[in-house]
Each structure stands twice: as structure tokens, then as C-alpha cells.
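Participant: I'll drop the sequence and a predicted model, then ask my questions.
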Amino acid sequence: MIDAKASGSSGEAKLPCKFWPVVGILVATVVIGLLTFDHSALILPFCGLGLLALWNCLSVFSITDRRQNAQALWESQRLLSSMLSNLPGMAYRCRNDANWTMELVSDGCLDLTGYTPQELKHNSRLSYASLIHPDDHQQIRDKVQKALTAHQPFQLTYRIQTADGSLKWVWEQGQGIFSPADEIEALEGFITDVTARQRFEEQLEYQVGHDALTNLPNRVLCLQRLSQVVEKSAQVASHSYATLFLDFDRFKLINDSLGHDVGDLFLVTMARRLELFFTTGPGAGLATVFGRLGGDEFMVLLEGLDLPAVTALVQQLEESLSLPVFMDGHEVAASVSVGIAPGDPRHGSAQDVLRDADIALYHAKERGRGCHVVFDRQMHQEILANLELENDLRHALKRDELELWYQPVVDLADGRLTGFEAVLQWHHRRHGLIPHDCFLPVAEDTGLILPIGRWAIAQASRALQEWGPGLTVSMDLFRRQILQPQWIRDLAATVRTLGIEPGRLRLELSESVLMEHLDELLPHLRQLRQNGIKLVMDGFGRGQSSLVRLDQLPIDALKIDRDFVGKMVKNRSLAAVIDATIRLAHNLDIRIIADGVENEGQMAQLLALDCDLAQGPYFSCPLSAAQIVPFIHQPKTWFRQPAAMVMI
């Protein structure tokens with residue numbers, strides 16, 4: 001039987017009332033057929049009841065499916081609503097109109113914007129578009145329009161102003177909804193808060209582009225800004241700019257003597273001065289960027305100034321940065337050298353500009369520091385020539401292109417030959433004879449002076465063996481050699497191996513290097529003297545005055561510069577300085593050597609001043625090794641007692 005009762009809550013089907021009469025007739029027919037034993041009469045009612053039963057079953061299944069589908073749909077909607085409510089952001093559907101009118105807004109709207117969905121939906125209180133930062137409107141519209149045209153999703157990052165007035169960075173991803181006619185109907189998407197990520201990225205970008213010590217732009221950011229200016233100048237020929245490359249003179253001395261903490265404090269102080277100069281000082285508004293490239297090197301980029309204005313500004317900057325600084329109980333001052341590279345159409349990159357400014361800085365250092373030099377193309381050609389010279393110099397020893405020549409040194413008291421100064425010559429395979437003062441600075445800068453110096457010492461020591469006893473040989477000594485303990489040990493070993501008396505070897509160090517690095521060099525110079533090597537201070541009068549510290553210098557002789565010797569005959573004041581120097585040196589048991597003597601008058605003057613030794617063209621030009629032995633044994637005709645001494 002079919003139970004016609006069905007509870008709505010049980011989920012069973014309920015037979016419609018209109019079918020009850022039919023059911024009654026079918027049941028009555030079945031009863032009569034059973035009572036009359038007319039089985040044929042049972043076929044129709046049983047078929048009818050079967051059909052009704054089948055319909056009822058199908059109805060039950062259909063209603064059950066509908067209820068299950070409705071339940072599943074409700075569950076899906078509940079799940080979607082729950083997910084949207086718990087997502088850290090806002091889902092939306094909006095019309096593609098000028099105000100982005102919201103048709104659907106999820107509950108995350110409140111946390112994101114500070115406004116409820118009801119306030120934004122249909123723009124009931126305000127439009128979402130009104131929350132977007134004005135500076136971001138155009139780029140948003142451009143990107144969305146481009147994506148819609150291509151039927152592609154879009155991703156945006158922009159700023160909104162929330163209900164409390166604060167700014168947030170948001171990230172949005174969305175897409176267009178198109179009609180069957182391919183017309184845009186709406187936009188759907190999701191917006192989330194990325195303020196923390198954006199600030200982290202900004203902080204990371206700031207750190208990548210700024211120096212940790214001074215907080216100024218670093219090399220990366222400086223070159224980036226310079227690249228932009230170079231590109232602009234290539235497009236606009238009239239656009240002028242200049243790059244300054246700054247380096248603080250003797251900064252290493254501050255680090256070495258007072259410590260790196262004081263050195264860092266000095267750099268921070270200079271950075272603040274640089275910042276003040278170009279923000280509120282004479283250079284206010286003139287610098288596109290100024291920053292620290294590394295170490296004690298800084299860069300400044302100026303735009304819109306002609307060269308005279310740039311150099312005038314640089315002079316003011318030099319004065320500002322060179323003022324003393326009081327740190328940790330010490331007064332510290334360091335002059336600044338500046339290389340200036342004006343903008344040039346031939347500059348293809350920021351690196352080209354910085355290279356030229358660096359070259360100009362190098363020339364400023366060479367001119368005595370504390371000054372500025374403007375780059376010119378000739379400087380670049382010189383650098384290229386020096387680079388070629390350096391490369392060739394690396395092979396000069398292997399190619400046997402170096403040679404020692406020897407200039408005689410004479411005792412002025414009796415004209416006796418006392419020894420020679422070894423002068424290094426380079427017979428270049430293409431350029432011919434290159435004087436030593438043209439390539440030795442390159443050798444020292446590159447470190448090639450170490451192997452060249454070892455070779456020269458060995459050659460000179462063998463020459464001493466050949467000449468026999470009594471004669472000495474002197475040669476140039478460089479700071480890089482002195483600071484190499486192994487080089488000093490090699491020198492001592494060479495002298496011992498060849499059986500040369502150490503006192504016959506004299507090493508000459510320039511006055512400027514000796515005085516500038518005296519504290520650093522003193523221990524090493526004393527070690528040389530302990531090994532019996534004689535030391536000579538070369539070029540007296542060319543650099544800074546060393547008279548006040550003459551008693552502290554571990555030297556055996558002092559060589560007066562050839563310029564002093566050449567001018568002393570006509571300059572009584574200069575002769576008086578030389579006289580005082582000789583007297584002081586003799587009191588300290590230091591001998592005096594005069595360099596560059598060219599005539600008899602100069603020799604007579606030196607005799608009158610009680611100078612000990614002399615060398616120069618008047619006695620002999622430098623001689624090759626093959627000429628030395630014959631020269632030693634030939635009669636000396638250069639010396640004769642002058643008829644009248646020149647007195648001061």
C-alpha cells in the first residue's frame with residue numbers, strides 16, 4: 001500500500017487530493033474481482049495502482065532531489081559568504097561607469113576602507129572611486145582600459161584614503177564581465193590591503209639606494225640619477241650638467257691615527273655639511289643628487305649651471321668642507337680635492353661621466369690636493385697612454401728592456417769620485433728611451449716597483465762587485481717597497497749573498513713622501529739602517545720643509561733639489577736657506593749632496609757653503625754600465641780649485 005500520509009518534515013511525498021477518487025474506484029474494483037474470482041477484472045486496477053505507485057515514487061525522488069539541490073545551493077552560498085567575510089580584503093562587482101558604482105560589496109569593505117558595504121553600495125553615501133588617491137586615478141584607468149580591450153584580467157596597486165583619513169596601499173585584481181554581444185557589463189574583482197608589504201618594499205628600496213653610515217644616496221642611486229641626466233642631455237643638446245667627484249685628503253691618516261670610529265664620525269659630519277650646503281646653503285636647489293660613493297668619496301650632480309658658475313660653487317664647497325671638526329677631544333681637518341666633469345655629448349653612460357670626474361680628481365691630487373680640476377679630453381688620452389705604458393711595463397723585465405745607468409757623485413773637497421747614482425732607463429721597443437720619471441710613478445702605483453726594485457738592487461750590487469772597494473751606489477726607494485717586510489728581507493739577503501758591504505748601498509727617499517708618511521715609515525727605515533743600509537732624503541726644497549724635524553729623521557745624507565742649486569747663485573735669500581740647512585745638517589752628522597750642478601759657478605758657490613758632495617752635468621751625464629770601469633780609471637778633469645770663492 002501507499003501511505004498517503006506524509007509529514008512535511010519527513011521529506012516523504014504527499015498524494016494530491018484530486019487522485020483520491022481514482023484510487024477509491026481502483027480499490028473497489030480489486031475487491032469485487034477478488035470476491036467474484038474474476039481475475040481478468042484485476043488487470044486494469046492493478047495496472048492503475050502500479051502507475052500511481054510509480055508516479056508517487058518518482059514524485060518522491062524528484063522532490064527529494066529538489067530539496068537536496070536547494071540544500072546544496074544554500075550551503076554553497078553560505079560557504080561563499082563565509083569565505084568572503086573571512087578574506088583579508090573586499091570582493092566587489094561594479095558597473096563600468098565614471099564612479100565605479102558598486103553593485104555588490106563584501107563585508108571586508110569595513111576593515112579595508114572604514115566604510116560599511118551599505119555606505120558604498122550603489123554609491124549611497126560615497127563612491128569607491130572617491131577614496132582613490134588623485135595621483136593614482138589616471139594610471140588605474142589606463143591599466144583597466146588596456147586590460148578590458150585585450151579581454152585580460154588586470155592587477156593594480158594604488159592608494160586609498162580610509163574613513164579615518166589615513167592612507168592605505170591596496171592591491172586589486174579584477175576582470176571585465178562581457179555580454180553575449182561582447183559589451184562590457186560590469187567589473188568583478190578583489191581588493192586587499194598591502195600597506196605593510198609596500199612599506200617594507202619602500203624601506204628595502206631605500207636601503208638599496210642609500211648609504212647605511214651617512215644616510216645619503218649611495219653609488220647605485222647616484223649612478224641611476226646620473227644615467228637619467230645623461231639620457232636627457234642626449235635628447236636635449238642644450239641641457240647642461242656637471243658631475244663633481246670629491247675625495248677627502250689624508251682621510252686614511254685620520255682612520256689610522258684616531259681609529260675607524262672617529263673616521264666614521266668624520267664622514268657623517270662631512271655628509272651633514274654637504275647636505276646643508278645643497279639644501280639651505282649656497283648650493284640650495286642646485287644639486288640633482290649628492291651622495292657617498294664609498295670610503296671617503298662623494299659625488300654631486302649639478303644641472304643648469306655653466307662651467308664658471310660650477311667652479312665658483314665648488315670653491316665655496318671646498319671652504320665649507322675644509323673647516324676643522326672637533327670630535328672625541330680632537331680637532332680634525334682634512335682638505336677636499338674635487339674632480340669636475342662637465343656634461344659632454346660623447347658621454348654614453350653614467351660610468352663614462354664618473355670616469356672623467358675620477359680622472360680630474362686624480363689630477364687635483366697630483367697638483368697638491370685641496371683644489372679642484374676640470375676634466376679635459378687630453379687627460380683621458382694621458383690615462384690611456386699610462387694604461388698602455390703599464391701593460392708594456394709588466395713585460396719590460398722579461399724582454400730585458402730595463403737598464404741601469406750611473407751618474408757620478410763627486411766629493412767637492414778634493415774632486416774625488418765617491419760613487420754613482422743608479423738611474424733606471426727603459427728602452428721601449430716602440431717608443432725608444434723612456435726616462436725613469438715617466439714610468440716609475442706608474443710602477444709604484446701598480447706595485448710593479450717591487451719586482452723592478454729587486455732586479456735593480458741585484459744589478460747595482462753586482463756592479464759594486466765589479467767596481468771594487470771604495471765606491472758607493474745610490475738608487476730611489478719608494479714607500480710601497482719600504483712597507484713590504486719581505487722586500488726588506490730580500491734586500492738584506494741580496495747584499496749578504498753578493499758579499500757587498502751594506503754601507504756601500506744608499507737608498508734615496510723623496511722629502512715629500514718621507515715627511516707625509518714619517519710616522520708610518522720610521523720603524524721600517526730604522527730596520528734598514530740596522531742592516532747597515534745608508535738612507536738619503538732626496539729632493540730637499542721640493543716638498544714641505546723638513547728642517548724642523550731633521551733631527552728625527554733616520555737619514556745619513558740630504559740631497560738638495562736641482563731647482564735650488566740652479567737658482568742659488570742669483571738668489572741670496574735662497575743661498576742663505578741652503579747655508580742654514582748645511583750648517584744644521586752638519587751639526588746632526590748628516591752629509592749634504594747637491595743635485596743638478598751644471599757649471600763652475602754653482603760648484604764654487606757650493607764649495608763656499610761647505611757642501612759635501614755633488615752630481616750633475618758639470619761632472620758627467622749618466623753612463624752605461626759598460627762605460628763605468630773605463631770612467632773610473634781615466635783622469636778627472638772636471639775639478640779644479642776656483643780662483644775666487646763666491647761668499648754669501
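Facilitator: That came through, no problem.

Participant: just the pLDDT at the residue positioned nearest the centre of the chain, thanks.
Facilitator: Relative to the mean C-alpha position of the chain, the nearest C-alpha, by CA atoms, centre = their mean, is the one of residue 219, at 3.6 Å. Residue 219 is assigned a predicted lDDT (pLDDT) of 95.

Participant: what's the answer for residue 13, then?
Facilitator: Value listed for residue 13 in the pLDDT field: 46.

Participant: next one: the one 3 residues further on
Facilitator: Predicted confidence (pLDDT) at residue 16: the value is 52.

Participant: can you check the one 10 residues further on too?
Facilitator: The predicted structure scores residue 26 at 49 on the pLDDT scale.

Participant: try residue 343
Facilitator: Reading off the confidence values, residue 343 has pLDDT 92.

Participant: now residue 1
Facilitator: According to the predicted model, the pLDDT of residue 1 comes to 35.

Participant: quick one on the thing from earlier: what about the residue nearest to the centre of the chain, distance to residue 292?
Facilitator: With the distance defined as CB to CB, to the nearest Å, residue 219 ends up 8 Å from residue 292. No exception for glycine: its C-beta is placed from N, CA and C like everyone else's.

Participant: mind listing the shared neighbours of these two?
Facilitator: Each of residue 299 lies in contact with both residue 219 and residue 292 under the rule CB atoms under 8 Å, 6 or more residues apart in numbering.

Participant: and the gap between the nearest residue to residue 370 once chain neighbours are set aside and residue 317?
Facilitator: Closest residue to residue 370 in three dimensions, ignoring its sequence neighbours and counting by CB to CB, 6 or more residues apart in numbering: residue 335, at 3.4 Å. When distances are taken as CB to CB, residue 335 and residue 317 turn out to be 12 Å apart.

Participant: for residue 568, same thing?
Facilitator: 41 Å.

Participant: for residue 482, same thing?
Facilitator: 36 Å.

Participant: residue 144 too?
Facilitator: When CB to CB is applied, the distance between residue 144 and residue 317 equals 49 Å.

Participant: compare the two and say which is more crowded by neighbours.
Facilitator: For residue 144 versus residue 317, neighbours defined as other CB atoms under 10 Å are more numerous around residue 317 (24 against 20).

Participant: and that one, what pLDDT?
Facilitator: What the model reports for residue 317 is a pLDDT of 95.

Participant: next: residue 646.
Facilitator: 36.

Participant: now for residue 288: which residues touch it?
Facilitator: Contacts of residue 288 were listed using CB under 8 Å, 6+ apart, and they are 225, 229, 241, 301, 302, 303.

Participant: ranges for the strands of the stretch 101-250 of the chain?
Facilitator: Here the stretch 101-250 of the chain has its strands, by DSSP state E, counting those that start in this stretch, at 102-105, 154-161, 167-178, 184-193, 241-248.

Participant: equivalent analysis for the stretch 351-500 of the chain, please.
Facilitator: With DSSP E, counting those that start in this stretch as the criterion, the stretch 351-500 of the chain has strands at 372-374, 402-411, 417-428, 432-434, 472-476.

Participant: looking at the ones you listed, which is nearest to residue 274?
Facilitator: Residue 274 lies closest to strand 372-374 among the strands of the stretch 351-500 of the chain, at 15.0 Å (CB to CB).

Participant: would you mind finding the most buried of the strands of the stretch 101-250 of the chain?
Facilitator: For the strands of the stretch 101-250 of the chain, average neighbour numbers computed from mean count of other CB atoms under 10 Å are highest in strand 241-248, which has a mean of 24.

Participant: paired strands for that one, with orientation please.
Facilitator: Sheet pairing for strand 241-248, assigned by DSSP bridges, gives strand 297-303 (antiparallel), strand 336-342 (antiparallel).

Participant: stretch 147-156: end-to-end distance?
Facilitator: Across its full length, stretch 147-156 reaches 11 Å end to end, with CA to CA, to the nearest Å as the criterion.

Participant: what is the mean pLDDT for that stretch?
Facilitator: Stretch 147-156 shows a mean pLDDT of 94 in the predicted model.

Participant: and for stretch 244-262?
Facilitator: Mean pLDDT, taken over the full extent of stretch 244-262, equals 89.

Participant: give me the neighbour count for residue 547.
Facilitator: Other residues lying near residue 547 total 13 when counted by other CB under 10 Å.

Participant: my bad, residue 120
Facilitator: For residue 120, the neighbour count with other CB under 10 Å is 25.

Participant: thought it was touching residue 114?
Facilitator: No - counting by CB atoms under 8 Å, residue 120 does not reach residue 114; the two are 10.6 Å apart.

Participant: other residues contacting the strand or helix carrying residue 275?
Facilitator: In this structure, residue 275 is located in helix 260-279 according to DSSP states H and E. Residues lying outside helix 260-279 but in contact with it, judged by CB under 8 Å, 6+ apart, are 213-216, 248, 251, 254-255, 283-287, 290, 292, 296, 298, 300, 316-317, 320-321, 323, 325, 327-328, 330, 332, 334.
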